[in-house]
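Chemist: Model the structure of this input:
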Amino acid sequence: MFVYYANYQHIHLNNYEVSDERLFENPDLRNTSAAFLVDTSACKIPHIDPFDKSVKRMLKNGTALKCAVKDDLVYSNGSTIFINWKAVNNSQFKNKMKYCKYEVIWRPYNEMQDHNYLKFINESNEFVDRIDISDEFVRVKCYTGAGLDLYTNFFSFVHLKEHVEDRCEKNAIRFANTRNEQLNILMLGVDSIARNNMLRYMKKTWSYLVNKVNAIDLLGYNKVADNTFVNIVPMTAGKYVDQLPWNESIRWTPMDNYNFIWNNYSAKGYRTFYAEDHPDIAIFDFGKSGFKKPPGDYFNRPLSIAMEKTKEVWNSGHYCVHGRIETDIVLDYLKNFAKMFQSKPHFSFSFITRLTHAYLEEAYKADEIYLKFFKDMFESHYLKNTVVFFFSDHGMRFGDVRETFVGKLEERLPFMLVVFPPWFLKKYPDIHRNLQINTRRLTTPFDIFATLEHILDFNGVQKNEVNKQRSMSLLDEIPEDRTCDEADILPHWCTCSKHEPLDIQNKTVIKIGHTMVSKINQDLKDSFDVCEKLYLKSIKYALRVIPSDKVLRFEQSKNDVIDRKVIYGDRVKSYIDYQITVQTKPGDAVFEGTLRYDEKGKTFDLVGDVSRINKYGDQSHCIEQHHLKKLCFCKIQL
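Modeler: Presented below is the predicted three-dimensional model:
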């Protein structure tokens, strides 16, 4: 048997022979144990290197996104639209474009109108320099002197709405004495990004959030259903879609009929915001009726539809509207909302799809965009009283990587990063402790819903729920022994591996024990002049951790509710982990370690460091290197 040794505890660029350092410069995977993301008595989720040898050859280098148009002929600043005459004179419209007008993008909200319906109304007077805007969404069109249409662009603005402010003030007074803290909420989702894929292609954003603003990184965040809609509903309504109740036979029922978390916040004095890109496949609109009335006080769908229908404004693979990236257009709208209401209670939900929906490597395009957004938001102090949930719905559901064991795990493990204001964590240290513990516990979208409810009615204490519910607040400690059954995760979505004790006399177990001792000796080899070579004396304990057979055979899920079925195929080759405790001689040291067996390559890798679990006292007095003291048995004993 060929034995290959590797240490996966810290993964850096120089561990890999690759062609492009931009892609493979991997951040230190902080908070990640060597072998398992979650390692509890009831759930063991394997930690797989994002650049695992089984998928590394399939990974493509990402490319930066630059819009084909350099300068927009018309732009906005604050609540004003300007004509950029310098850009005009450097364009094909030099000496042709003479003036512009704007129209309001208006959607009448009533039961009779389709969710894609909109109108352009209230055309403005001509302007040749600048014009102030008091409306929310506008289409700007620019013309020749003879009135021929030359150029179109779109803009959004955030203004105070009198009826919203009146409602919020009344509701805020009603509920003023029901909570100790009033935290704002910013929920920002990105389609189809596994935590592992974030570490591959969005490492700058991940590193900024985790290392600079101390985001809570939920390593055990497990999706609960197949696609976007059926994972977002548990997060925002606390129910599976069939429990709303919703199914395909009533797909054209307005989504207004159901209660979502933003409705709860609105009822208690919060201004609300809802934004998406790519309106054709929006969460509540793709194959559904959408909302007849805006789900938020600020709702960008009319703008999004108007842009989508205007084909001539798009470029760069339908990622840009003239010189602006579509994602930036959504994020700027969100930023302006957060800026406007930074001192007033507000809730925002945004979900951005187009950039990352189809290919793993397209997440690279998103990295600089989200990094800039979050740096601007945090450094401008717009989020000083806000809890941020930055997340994905699921990992990539298609492609070559998805056909591997690594890809099957990634599909089920989207990223979820949560940032609380520093003052809040300092004021409530027990909650801070719980959040840190929960990074290594099994969590789901249902828990995000429970957390949002907890924050809304936060009275300064933890709920301390002892009963194991499907939805559990992250402000409380998630039970160490939580199972997929208790979290209401179906077997084919559950990433918790099965584990079973092994006979310590088993031949394979004995081979694994010798392998671990060989690894220890490899680390000691340069110190054999003072340290004894170690030999296996006995095996104390052995455990095998095997991925779920239903996960390994899963191919696809069909239908959300009616005639829902799961299609299984052949079992893919996977990794099997062996946790083993050995005693060595001389010295009777007791060591623990994990070896990972690759079914395809038929090799064993030692994953991470070996742990010494009994005292070694003066046994290693002869050596100074700290990392070797737990391993060395000196030839000369005191």
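
Chemist: where do the helices sit along the stretch 501-638 of the chain?
Modeler: According to DSSP state H, counting those that start in this stretch, the stretch 501-638 of the chain carries its helices in the segments 507-524, 549-553, 626-629.

Chemist: what's the closest of the ones you listed to Thr594?
Modeler: helix 507-524 (9.1 Å; C-beta to C-beta). To be clear about C-beta, it is placed using only N, CA and C from the backbone, and glycine gets the same treatment.

Chemist: what are the phi and psi angles of Phe389?
Modeler: Backbone geometry at Phe389, expressed as degrees, to the nearest 10, gives phi -110, psi 110.

Chemist: picking up where we left off before, redo the helices of the stretch 501-638 of the chain as TSV? Include mean pLDDT.
Modeler: Shown next, in TSV, are those (pLDDT from 0 to 100):
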stretch	mean pLDDT
helix 507-524	93
helix 549-553	88
helix 626-629	89
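
Chemist: got JSON lines for the ones you listed, with mean neighbour count and distance to Ile305 too?
Modeler: Shown next, in JSON lines, are the helices of the stretch 501-638 of the chain (neighbours: other C-beta atoms under 10 Å; distance: least, C-beta to C-beta, whole Å):
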{"stretch": "helix 507-524", "mean neighbour count": "18", "distance to Ile305": "59"}
{"stretch": "helix 549-553", "mean neighbour count": "17", "distance to Ile305": "38"}
{"stretch": "helix 626-629", "mean neighbour count": "12", "distance to Ile305": "60"}
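
Chemist: Quick check: which of those helices is nearest to Asn61?
Modeler: That would be helix 549-553 among those, by C-beta to C-beta, at 29.0 Å.

Chemist: so what does the closest one touch, helix or strand wise?
Modeler: For helix 549-553, the packing partners by 3 or more C-beta pairs under 8 Å, 6 or more residues apart in numbering; DSSP states H and E come out as helix 405-412, strand 565-568.

Chemist: which of these is buried the deepest?
Modeler: Burial of the helices and strands packed on helix 549-553 is given as mean neighbour count (mean count of other C-beta atoms under 10 Å); helix 405-412 ranks first at a mean of 24.

Chemist: Need the residues that contact that helix.
Modeler: Applying C-beta atoms under 8 Å, 6 or more residues apart in numbering, the external contacts of helix 405-412 come out as 45-46, 48, 52, 54-55, 194-197, 222-223, 394-397, 399-402, 493-495, 547, 551-552, 554, 572-575.

Chemist: got it, and stretch 180-190?
Modeler: Identification of contacts with stretch 180-190 by C-beta under 8 Å, 6+ apart yields 232, 265, 270, 334, 338, 341-342, 345-352, 355-356, 363, 366, 370, 383, 385-393, 421, 424, 452, 455, 458-460.

Chemist: Pick out the shakiest of the helices and strands packed on helix 549-553, pLDDT-wise.
Modeler: Note on those: lowest mean pLDDT is at strand 565-568, with a mean of 88.

Chemist: Tell me the strands beside that one, with direction?
Modeler: Sheet pairing of strand 565-568 (DSSP bridges) gives strand 554-558 (antiparallel).

Chemist: Restricted to strands, list the contacts of helix 405-412.
Modeler: Judged by DSSP state E, the subset of the contacts of helix 405-412 located in strands is 45-46, 554, 575.

Chemist: Including pLDDT and distance to Phe175, could these go into a markdown table?
Modeler: Formatted as a markdown table, the ones in strands among the contacts of helix 405-412 follow (pLDDT from 0 to 100; distance: C-beta to C-beta, whole Å):
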| residue | pLDDT | distance to Phe175 |
| --- | --- | --- |
| Ile45 | 96 | 39 |
| Pro46 | 93 | 45 |
| Phe554 | 88 | 45 |
| Tyr575 | 88 | 51 |
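
Chemist: Pick out whichever of those residues sits closest to Asn227.
Modeler: Distance to Asn227, by C-beta to C-beta, is smallest for Phe554 among these, at 14.1 Å.

Chemist: Now that the closest one has come up, it's in contact with Arg571, right?
Modeler: No. The pair Phe554 / Arg571 is not scored as a contact, 9.9 Å apart, by C-beta atoms under 8 Å.

Chemist: the more surrounded of these two?
Modeler: Using other C-beta atoms under 10 Å, the more surrounded residue of Phe554 and Arg571 is Phe554, with 21 against 15.

Chemist: Against Ile437, how distant is the nearest residue to the more buried one once chain neighbours are set aside?
Modeler: Spatial nearest neighbour of Phe554, chain neighbours left out: His492 (4.9 Å); criterion: C-beta to C-beta, 6 or more residues apart in numbering. Remark: distance between His492 and Ile437 (C-beta to C-beta, to the nearest Å) = 28 Å.

Chemist: Also Phe337?
Modeler: Applying C-beta to C-beta to Phe337 and Ile437 gives a distance of 33 Å.

Chemist: In terms of neighbours, single out the busier of those two.
Modeler: The neighbour count for Phe337 versus Ile437, taken as other C-beta under 10 Å, is higher for Phe337 (25 against 14).

Chemist: CA atoms only: put the helix or strand hosting the more buried one into PDB for me.
Modeler: Assigned by DSSP states H and E, Phe337 belongs to helix 326-340. Extracted C-alpha coordinates of helix 326-340, given in PDB (Å, rounded to 0.1, in the frame of the first residue of the first chain):
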ATOM      1  CA  GLU A 326     -25.500  45.200 -12.600                       C
ATOM      2  CA  THR A 327     -24.400  43.800  -9.200                       C
ATOM      3  CA  ASP A 328     -23.000  47.300  -8.300                       C
ATOM      4  CA  ILE A 329     -26.300  48.800  -9.300                       C
ATOM      5  CA  VAL A 330     -28.200  46.600  -6.700                       C
ATOM      6  CA  LEU A 331     -25.500  47.100  -4.000                       C
ATOM      7  CA  ASP A 332     -25.500  50.900  -4.500                       C
ATOM      8  CA  TYR A 333     -29.200  51.000  -4.000                       C
ATOM      9  CA  LEU A 334     -28.700  48.900  -0.800                       C
ATOM     10  CA  LYS A 335     -25.900  51.200   0.400                       C
ATOM     11  CA  ASN A 336     -28.000  54.300  -0.100                       C
ATOM     12  CA  PHE A 337     -30.800  52.700   1.900                       C
ATOM     13  CA  ALA A 338     -28.400  51.800   4.700                       C
ATOM     14  CA  LYS A 339     -26.900  55.300   4.700                       C
ATOM     15  CA  MET A 340     -30.300  57.000   4.700                       C
END
